[in-house]
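Peer 1: Below: sequence and its predicted model.
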Amino acid sequence: MDKQEIMDVLSQVYDPDYVNRSIIDMGLVTEDDITIREGRIEVAYTLTAPMCPFSAAIGLMIKYALEKKLSVPVVVGLKEGHFQTEAVSEVLNDPEQTADLMQKLEEFGILERCVRFQADERDAKE
């Protein structure tokens, strides 16, 4: 696992407000925002707008996509300096709030619309 492989997975994750551009295309995550350490991935991300209504949801979709495709633990967080950083961290670090948000993303079709895995050789073998 390397940063390019992580970037490839994240290129299939889309901001719910901009569903025809990935979070990579939009610059919400760059290689500099990714840390690989001791068998886990850490990702810091940014948002497109100060009052983004999907601030925690984007982090949760990043975590979901990477854990599903790479089968390793993932820690995500909004980049320091954004005024929503503390509130988003609270949601992403609380299993109950995370489960509730994931349920809503699935229920409203947001997860399916915004995490679009391309078939690759690994998928064909599974």
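Peer 2: Thanks, I have the structure now.
Peer 1: mind checking the longest helix of the protein?
Peer 2: helix 55-70 (DSSP state H).
Peer 1: so who does the residue nearest the centre of the chain touch?
Peer 2: Nearest to the geometric centre of the chain sits residue 62, at 1.2 Å (Cα atoms, centre = their mean). Applying Cβ atoms under 8 Å, 6 or more residues apart in numbering, one finds that residue 62 lies in contact with 10, 13, 23, 29, 43, 45, 74, 76. The way it works is simple: take the backbone N, C-alpha and C, and place the C-beta from them, glycine included.
Peer 1: repeat that with 7 Å
Peer 2: Each residue near residue 62 by Cβ atoms under 7 Å, 6 or more residues apart in numbering is listed here: 10, 13, 43, 45, 76.
Peer 1: Just send these back as CSV, with secondary structure too.
Peer 2: Below are the contacts of residue 62 laid out as CSV (DSSP: H, G, I helix; E, B strand; the rest coil):
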residue, secondary structure
10, helix
13, strand
43, strand
45, strand
76, strand
